[in-house]
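Asker: Following is a predicted model, sequence given first.
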Amino acid sequence: MRFDIITVLPELLESPFSHSILKRAREKNLLEVYCHNLRDYASGKHRQVDDYQFGGGAGMVMKVEPLAACIEQLCSERKYDEIIYTTPDGQTLNQSACNRLSMLENVLIICGHYKGIDERIRNQYVTLEISIGDYVLSGGELAAAIIVDAVGRLLPGVLNDETSALFDSFQDDLLAPPVYTRPAEWQGQKVPDILLSGNDKLIAEWRHEQSLERTRTRRPDLYEKYIKGHGE
Ligand code: 6GU
């Protein structure tokens, strides 16, 4: 899978894809990530990418022409399955959206900045608008990094234990159960006996119960959805 990311801050996106799981995914050519500096597509002495908004008001707006030039260039090189704009007024990212995106070949992400991008770019090119939650970031780069991370790790062959993504929090609408590693006792806190029992069936049942209980107390909204879907 290939991501192209249009940004005014390419430096901000160097590190997130250069470590651990995503680094390995790129080395194995399962994941490609290319960042494009919007300023390279701006003209004039100042290579201006933003401008005052019509109608007045504080805050700059990302200009049409550099974005259009960059998008047109990239679209002439390959067909994109989605052109995503990261914005607080987009649909909130969730696991099912990540699952769907992980099945695509080419995805272009436009990182918003300042007051956002000129509405005409959204009308003309954008096919999907994504927010990562109900709070405001200073720019869309960290949101883009989150999308690539959450989607990239789902690609077949990226995780060592290919099944492990299936047991993530949210993958079946339940939160993950608690986990422990050595030592078996620390500061008077003991690892639950059942995890040391070696009984895989009982362990699986315990984990499922813990998932249910955790979801019920922490995310009643998810719990409702799960119970409705599974008839428990
Ligand atoms: Cl995608 N961008 C910005 N600037 N703020 C956000 C966001 C995105 N998602 C939540 N807040």
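Answerer: Nice, thanks for sending it over.

Asker: Just the helices from this protein, written as ranges.
Answerer: 20-27, 64-77, 95-101, 119-124, 141-152, 200-218, 220-230 (DSSP state H).

Asker: which of the ones you listed sits most buried?
Answerer: Per residue and on average, the most neighbours among the helices of the chain fall to helix 141-152, with a mean of 22 (mean count of other C-beta atoms under 10 Å). For glycine as for every other residue, the C-beta is placed from the backbone atoms N, C-alpha and C.

Asker: among the helices of the chain, which is nearest residue 4?
Answerer: Proximity to residue 4 (C-beta to C-beta) singles out helix 64-77 among these, at 5.5 Å.

Asker: quick one: contacts of the closest one?
Answerer: 4, 6, 36, 38-43, 49, 80, 83, 108, 110, 117-118, 120-121, 124-125 (C-beta atoms under 8 Å, 6 or more residues apart in numbering).

Asker: Narrow the residues you listed to those in strands?
Answerer: 4, 6, 36, 83, 108, 110 (DSSP state E).

Asker: Of those residues, select the buried ones using a PyMOL command.
Answerer: In PyMOL, this line selects whichever of the ones in strands among the contacts of helix 64-77 come out buried by 16 or more other C-beta atoms under 10 Å:
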select buried, resi 4+6+36+83+108+110
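
Asker: Can you tell me which residue is spatially central in the chain?
Answerer: Centroid check for the chain by C-alpha atoms, centre = their mean gives residue 147 as the closest residue, at 1.9 Å.

Asker: If I look at it, what pLDDT would I see?
Answerer: Note for residue 147: predicted pLDDT of 98.

Asker: Go ahead and confirm it touches residue 93.
Answerer: Yes: the criterion here is C-beta atoms under 8 Å, and residue 147 meets it with residue 93 at 6.6 Å.

Asker: show me the contacts for the residue lying farthest from the centre of the chain.
Answerer: Centroid-distance maximum for the chain: residue 188 at 38.3 Å, with C-alpha atoms, centre = their mean. Not one residue lies near residue 188 by C-beta under 8 Å, 6+ apart.

Asker: circling back to that earlier point, what's the overlap in contacts for residue 147 and residue 93?
Answerer: Counting by C-beta under 8 Å, 6+ apart, the residues touching both residue 147 and residue 93 are 130, 132.

Asker: can you list the residues of this structure near the ligand?
Answerer: 86-88, 112, 130-133, 135-137, 139-140, 143 (C-beta under 6 Å from any ligand atom).

Asker: Next, check those against the strands and list the overlap.
Answerer: 86, 87, 88, 130, 131.

Asker: so the fourth one touches residue 88, yeah?
Answerer: No: with contact defined as C-beta under 8 Å, residue 130 does not reach residue 88; the gap is 10.0 Å.

Asker: With neighbour numbers in mind, choose between the two.
Answerer: The residue with more neighbours, out of residue 130 and residue 88, is residue 130; 23 against 18, by other C-beta atoms under 10 Å.

Asker: Now do the contacts for the more buried one.
Answerer: 84, 85, 86, 87, 90, 91, 92, 93, 97, 143, 147.

Asker: how far away is the first one from residue 174?
Answerer: The span separating residue 84 from residue 174 equals 27 Å under the rule C-beta to C-beta, to the nearest Å.

Asker: same question, the third one
Answerer: Here the distance between residue 86 and residue 174 works out to 28 Å (C-beta to C-beta).

Asker: which of the two has more neighbours?
Answerer: Counted by other C-beta under 10 Å, residue 86 and residue 174 do not tie: residue 86 has more neighbours, with 29 against 24.

Asker: Residues in a beta bridge with that one, which ones?
Answerer: Residue 86 has the following beta-bridge partners by DSSP bridges: residue 111, residue 130.
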